[in-house]
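*Asks:* With the input below, show me the fold.
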Amino acid sequence: CCTADNFRVDLSDTPASAWNTSASHVFAASFRDAHPGCDRSLKAIFDAWVVHFNYLRQVYAKQQMVAREEQARVLDLASGCITAAFERPTHSGSYPSAVNVVQQLGPTGMSSDESEHDVGHGERIYHITRKAWRSAAVTDTLRVLDKLHLRMRYQEQWNATAGAWPHLRMPSSQVSNRKPLSGLPKNFYAQDYLSSLT
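*Replies:* Below you'll find the model as predicted:
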């Protein structure tokens, strides 16, 4: 199963499994070789390792439980944020719903990216250009959607789902030179931009 130099056990299985039993024998023999003065028999070393292995399994199980609880907490938080964003009414305040934001803006109204990458010097980084005409409320809603999309790319145990990984997008102070979209609801526009029109 393994060697003393490449010692591996399966903490998700019992000590009596074929792999872990073999690993226990490897450990016992290796321990005797490393401590020739030890007066314990191979069986005693083997049994002591099994007791310790069971302890390691308990620690591992607790770590897995904590990881699952943390994952569930993050998912609940993300779900709550996006549910609130999608269900937030547009007629009772200045904060638009996520559905309305995506439908009204379309691809043209979304933030654009400018890449910064030197060949051979790591991952390409995309700087998000700021639309000066767009309200902070709309931008905040879009960032929630971005974070949710990234979070939902993970499955259990934090493994990424299949498909191309989203670009690394970093907020920046760069301002987009694209023309503002016209005809959007008033709360989609920044107050400074609206003031500049009068």
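*Asks:* show me the biggest strand of the chain in terms of residues.
*Replies:* strand 168-175 (DSSP state E).
*Asks:* Give the buried residues for that one.
*Replies:* Neighbour-count burial for strand 168-175, counted by 16 or more other Cβ atoms under 10 Å, picks out S172. The C-beta positions use only the backbone N, C-alpha and C, and glycine is treated the same way.
*Asks:* Okay, now the sheet partners of that strand, with direction.
*Replies:* strand 125-130 (parallel) (DSSP bridges).
*Asks:* Output the strand it pairs with as PDB, nothing but the C-alphas.
*Replies:* C-alpha atoms of strand 125-130 as PDB (Å, rounded to 0.1, in the frame of the first residue of the first chain):
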ATOM      1  CA  ILE A 125      -5.800  40.000 -14.200                       C
ATOM      2  CA  TYR A 126      -8.800  42.000 -15.400                       C
ATOM      3  CA  HIS A 127      -9.500  45.400 -13.900                       C
ATOM      4  CA  ILE A 128     -13.200  46.300 -13.700                       C
ATOM      5  CA  THR A 129     -13.700  49.700 -15.300                       C
ATOM      6  CA  ARG A 130     -16.200  51.900 -13.300                       C
END
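*Asks:* Next up, phi/psi of R134, please.
*Replies:* phi -90, psi 140 (degrees, to the nearest 10).
*Asks:* Help me confirm that it comes into contact with D192.
*Replies:* No. R134 is not in contact with D192 according to Cβ atoms under 8 Å; the separation is 10.9 Å.
*Asks:* quick one: low-confidence ranges for the protein?
*Replies:* Along the chain, the model assigns pLDDT under 70 to residues 70-99, 107, 111-125, 149-169.
*Asks:* Next one: R68 from V9, what distance?
*Replies:* From R68 over to V9 the distance is 21 Å, taken as Cβ to Cβ, to the nearest Å.
*Asks:* more neighbours, those two?
*Replies:* The neighbour comparison of R68 against V9 (other Cβ atoms under 10 Å) goes to V9, with 22 against 12.
*Asks:* N20 is in contact with the more buried one, correct?
*Replies:* Yes. If you go by Cβ under 8 Å, V9 and N20 touch, sitting 5.6 Å apart.
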